[in-house]
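Colleague: this one's structure only:
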């Protein structure tokens with residue numbers, strides 16, 4: 001029996017997995033209240049399971065540095081690595097540490113805890129994609145994130161079409177990322193050394209000229225902490241629209257800034273799709289996941305408009321009817337299959353925990 005704990009940018013998702021059966025809940029969480037609120041959510045969920053003690057608690061961890069490329073049991077060394085990398089994932093790692101501590105307080109040290117790293121799927125990207133054009137002695141490389149989601153989307157593409165060798169997966173939620181996958185291996189991904197790089201997100205900036213950061217510090221007098229807050233919490237849709245992070249709302253608004261925010265969001269996704277077709281040498285499938293990807297047909301339509309020259313042809317009826325459910329949204333004659341997938345990250349995490357327990361020596 002595994003308890004899965006999945007903290008996102010705006011929610012806490014908990015799962016209880018007992019063989020094939022299981023239950024799950026999602027609680028909104030804005031980062032306030034810390035360990036107290038997190039512990040209360042977990043305690044209420046466990047109470048609903050009859051106060052059973054889990055065999056292990058499995059956490060989604062954004063990353064603990066380049067040394068951790070596979071799921072593992074959490075010990076003091078892993079905790080230290082998560083903490084050391086918290087400045088690189090400030091929206092997630094500190095909360096993950098609080099969740100680990102909350103679960104230790106609830107269940108005791110005898111219940112093992114497992115880390116499933118979101119950077120694992122892109123851990124073995126080729127160096128030409130993973131490295132930055134800065135001195136190698138600095139030891140900085142692109143790690144990539146949303147790996148659980150991208151792994152599941154690649155599996156979905158291959159399940160639908162075993163001949164799909166070149167896949168682009170798009171995780172579109174509060175955070176957003178793209179991944180180019182060839183023959184099951186991530187060859188490039190939009191998030192980098194931190195989750196800031198890449199696509200425009202709810203409150204994160206995505207790609208930005210690093211010279212802007214120097215300008216903000218040297219000419220505008222912003223401190224490092226102010227710049228970190230700006231890029232992680234007050235940019236993206238929030239920054240462009242003037243405070244709104246809901247694409248559903250922005251689509252209904254008629255002011256110029258709201259329209260611009262939507263246009264920028266969709267354009268950047270479309271640009272990455274084009275780049276990744278080049279990286280892959282062609283394209284067989286696009287798979288879309290995440291809350292925005294699942295629930296906003298109009299955003300999907302805008303992202304793929306004009307891509308018929310790449311073999312991507314959308315079916316308006318299929319797309320419009322796919323709201324909160326999975327399914328193919330491309331036209332029957334499309335050379336590239338476009339599919340929406342409802343992801344079960346918690347099931348994947350539980351399977352990873354079971355795999356670790358099945359290994360001969362722990």
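Modeller: Thanks, I have it. Just so you know, these numbers come straight off a predicted model, no measurement behind them. Numbers count the residues shown, from 1 in each chain.
Colleague: end-to-end on stretch 167-176?
Modeller: For stretch 167-176, the first-to-last residue distance is 17 Å (CA to CA, to the nearest Å).
Colleague: again with stretch 297-313
Modeller: End to end - CA to CA - stretch 297-313 spans 14 Å.
Colleague: can you list the buried residues in that stretch?
Modeller: By neighbour count on 16 or more other CB atoms under 10 Å, the buried set for stretch 297-313 is 297, 299-300, 302-304, 307, 310-313. Any C-beta I mention is one placed from the backbone N, CA and C, and that applies to glycine too.
Colleague: between these, which is closest to residue 153?
Modeller: Nearest to residue 153 out of the buried residues of stretch 297-313 is residue 300 (CB to CB; 14.2 Å).
Colleague: pull the number of nearby residues for residue 37.
Modeller: Using other CB atoms under 10 Å, residue 37 has 17 neighbouring residues.
Colleague: surely it forms part of a strand?
Modeller: No - counting by DSSP: H, G, I helix; E, B strand; the rest coil, residue 37 is not found in a strand; it is helix.
Colleague: wait, residue 115 sits on residue 61?
Modeller: Yes - when contacts are counted by CB atoms under 8 Å, residue 115 is listed as touching residue 61 (4.5 Å).
Colleague: which residues are in contact with both of these two?
Modeller: residue 82 (CB atoms under 8 Å, 6 or more residues apart in numbering).
Colleague: ok, residues contacting whichever helix in the chain runs longest?
Modeller: Longest helix of the chain, by residue count under DSSP state H: helix 256-280. By CB under 8 Å, 6+ apart, the list of residues contacting helix 256-280 from outside reads 129, 166-168, 170, 172, 176, 178, 180-182, 187-188, 190, 198-200, 206-207, 237, 240-242, 244, 247, 250-251, 253, 283, 286, 299, 302-307, 310, 312.
Colleague: out of these, which are buried?
Modeller: 129, 166-168, 170, 172, 176, 178, 180-182, 187-188, 190, 198-200, 206, 237, 240-241, 244, 247, 250, 283, 286, 299, 302-304, 307, 310, 312.
Colleague: can you list the domains in this protein?
Modeller: Per automatic domain parsing, the structural domains of the chain span 2-117, 155-340.
Colleague: out of these, name the one with the poorest average pLDDT.
Modeller: With a mean of 86, domain 2-117 has the lowest mean pLDDT of these.
Colleague: ok, which of the domains of the chain comes nearest residue 352?
Modeller: domain 2-117 (4.4 Å).
Colleague: from one end of the closest one to the other, what's the distance?
Modeller: Domain 2-117 end-to-end distance (CA to CA) = 17 Å.
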